[in-house]
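Peer 1: can you look at this prediction? I've put the sequence above it.
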Amino acid sequence: MNLFLIKSTGFFPGLPEEFLRILNPDVIVILEFNLESILECRLKNEKRKSEEITETGTHVKHRIRHAGKTIDEVETEQEMQRIFALISESLIECSVKIIKLKFKEREPFEHAKTTSNEIVKRLSTSYRKKYLLFITLHLKTSLF
């Protein structure tokens with residue numbers, strides 16, 4: 001689940017309006033990381049073989065990614081993520097929260113701790129809010 005998809009021809013919406021209405025989040029949370037860290041992570045992932053056998057013996061074929069390979073491209077993706085979040089916000093009438101995690105971690109999981117503290121802080125001031133979380137770094141999502 002992504003706010004947008006990157007294909008060889010450009011950016012495409014990742015969440016159709018009908019799906020957003022089913023999820024019906026109260027808040028869309030965007031996590032923004034240090035651009036260099038994102039690029040470093042992607043370059044490490046790119047060095048993997050396109051096909052590999054995992055330690056459990058499962059055969060995995062990696063897909064070709066069109067994600068940014070330069071700082072400028074990653075920055076554009078973060079801007080596009082904001083744009084798609086604002087479009088989604090207007091379609092389903094929710095709010096958008098951007099958590100900036102652009103600092104280098106000084107300890108393991110510092111970004112995760114910061115994120116959870118921010119979300120807990122917001123949850124403690126609201127009643128039964130559903131959060132839809134988008135992360136640029138690994139392009140994973142969660143629903144709280």
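Peer 2: Noted; the coordinates are in hand.

Peer 1: from here on, just use CA atoms for contacts and neighbour counts.
Peer 2: Noted.

Peer 1: three-state assignment of residue 25?
Peer 2: coil (DSSP: H, G, I helix; E, B strand; the rest coil).

Peer 1: show me where the chain has its helices.
Peer 2: Ranges of helices within the chain are 17-23, 35-46, 71-92, 110-124, based on DSSP state H.

Peer 1: list phi and psi for the residue nearest to residue 43 when sequence neighbours are not counted.
Peer 2: The spatial neighbour of residue 43 that comes closest, neighbours along the chain excluded (CA to CA, 6 or more residues apart in numbering), is residue 69 at 7.6 Å. Here is the backbone geometry of residue 69 (degrees, to the nearest 10): phi -120, psi 10.

Peer 1: what sits against the closest residue to residue 115 other than its chain neighbours?
Peer 2: What sits nearest to residue 115 in space, not counting adjacent residues and going by CA to CA, 6+ apart, is residue 99, at 7.2 Å. Listed by CA atoms under 8 Å, 6 or more residues apart in numbering, the contact set of residue 99 reads 29, 30, 31, 32, 115, 118.
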